[in-house]
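>>> Test case, fold it:
(chains A, B and C)
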Amino acid sequence: MRKLFVILLLLIIAGGITLSLKEIPFGIPKTKIGDHFINKGVEETGSVNIVTSVVVGYRGFDTLGEITVLFAATIGLGAVIGTFRKNSVNREVEAASLIVYTGCRFLFPVILLVGTYIFIHGHLTPGGGFQGGAIIASAFLLMYLGCSNKRIKENLSKTVEMIGGLTFIAVGIIGLAIGQDFLFNFLPKGEPAELLSAGIIPIVYIAIGLKVGSELAGIIDNLIQKS
Amino acid sequence: MHIFGVIITGIGALFLFIGSLGVFRMPDVYNRVQAGTKCTTLGSFLTIIGVGIMQPEWFWKTLIIVVFVLISNPVSSHALGRASRKSGISLCDKSIVDKTKEFKGYQE
Amino acid sequence: MLIIVTILVLLMIVSAIAALIFKDLISAVIAACIVSLIAAVLFYFLQAPDVAMAEAAIGAALVTGIFVIAVKRTKRFEE
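Predicted coordinates for the structure are as follows:
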């Protein structure tokens, strides 16, 4: 009886969402602020990727809030997992074979390079800090699964995360110290579609990429080591 | 040049279809892993190279992607086969020789 | 184009229902990973490459890895 009620409720919700979203045509901006971002985005912030110019340029303060939420989640996970100290029986995990070991050691710097490329070119191609950081964390997951005797040095990952977070806030405070707003774009904008363009946007994305990458790698490290 | 790229992409799609047919019909885990890995690696290789020939300015990027796939697919299938042998899945009834019984650590 | 999107959406619904029905928890995690993968492809069809890249990297790689580690530390079969 309860399953029937749940299925009926899900069908009503699905039908309601479909019927209301059918009226909106795809690809036409319905709000005036969408028009403003598309028409004037490149010349006001200098970055060719409009999503990046919205995330870091027009709405940079919300990105600071997102990073804070991710930081709080990592701290919460470390606090909860770290208290299970009575279960740390060190079971002997069998080492992987030679082929898997060599393959993982070969692929690890390649994946790090791809992740770094994605967050450095955040203002030119689709991508950015969060995507590049997630790819870097998946490279560390590969290393933990394939070669079971290599670990990240804990001080290194904490230092990188701290530098990333402080760089973002320092760039914002410099904008405040000049006399303008927080996260004001104070570097010269340059030509569009060059690597060194768009003011503070590459610097902010490099800081975000390093911070998110080392945070997620720290989560993986916490989960694997305490089991 | 364009027709050549279309033909190579078509052959790649055919190999991918044959690979999925093999995964469906083989009787054993180890046969399925073999069929899946060999056919899908070759199918991905031909499909991506075919797209690279159809648009010549993307050709070197597709070559890098193909090298990555060629290295990582066989390593993962090796890990899969070895892990399933160690966790006890036996070969199918029609098999003749099982050389892994000579090594210690591989229980029945 | 519409028929490819329809087939992908139906596959997503079937895989999501299968993730609820399976009793072996590792199979359920793989079914959830398939939902994330098809969502990443659909985001690419809707012309949003940033979101597709984020969904593929986080949903299909990291979340699946964390779930498998979590299942390994508790029991594997439901009920």
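>>> So the closest residue to A:E154 other than its chain neighbours, which state does it fall into?
Once flanking residues are discounted, A:E154 sits nearest to A:D221: 7.8 Å by C-beta to C-beta, 6 or more residues apart in numbering or on different chains. Every C-beta, even on glycine, is put in place using the N, C-alpha and C of the backbone. With DSSP: H, G, I helix; E, B strand; the rest coil as the basis, A:D221 sits in helix.
>>> Pretty sure A:D221 sits against A:I152.
Yes - judged on C-beta atoms under 8 Å, A:D221 makes contact with A:I152 at a distance of 5.8 Å.
>>> Which one of the two is surrounded by more residues?
Per other C-beta atoms under 10 Å in any protein chain shown, whichever of A:D221 and A:I152 has more neighbours is A:D221, with 19 against 16.
>>> and the more buried one, how far is that from A:K40?
A:D221 sits 44 Å away from A:K40, going by C-beta to C-beta, to the nearest Å.
>>> hmm, what's the outermost residue in chain C?
Centroid-distance maximum for chain C: C:E79 at 23.1 Å, with C-alpha atoms, centre = their mean.
>>> Not counting sequence-adjacent ones, nearest residue to that residue?
C:K23 (6.8 Å).
>>> Phi, psi for that neighbour please.
Phi and psi for C:K23, reported as degrees, to the nearest 10, are phi -90, psi -30.
>>> Show me which helix or strand of chain A is least confident by mean pLDDT.
Lowest by mean pLDDT, DSSP states H and E among the helices and strands of chain A is helix A:32-45, with a mean of 83.
>>> And the closest residue to A:G133 other than its chain neighbours, how far from B:M26?
In space, A:G133 comes closest to A:V212 once its chain neighbours are excluded; the distance is 3.0 Å by C-beta to C-beta, 6+ apart. According to C-beta to C-beta, A:V212 and B:M26 sit 42 Å apart.
>>> Name the residue in those two with the higher neighbour count.
The neighbour comparison of A:V212 against B:M26 (other C-beta under 10 Å) goes to A:V212, with 26 against 16.
>>> List the contacts of the more buried one.
A:67, A:70, A:129-130, A:132-134, A:137, A:164 (C-beta atoms under 8 Å, 6 or more residues apart in numbering or on different chains).
>>> just those now: which is nearest chain C?
Comparing those against chain C with C-beta to the nearest C-beta picks out A:A134 as the nearest, at 3.8 Å.
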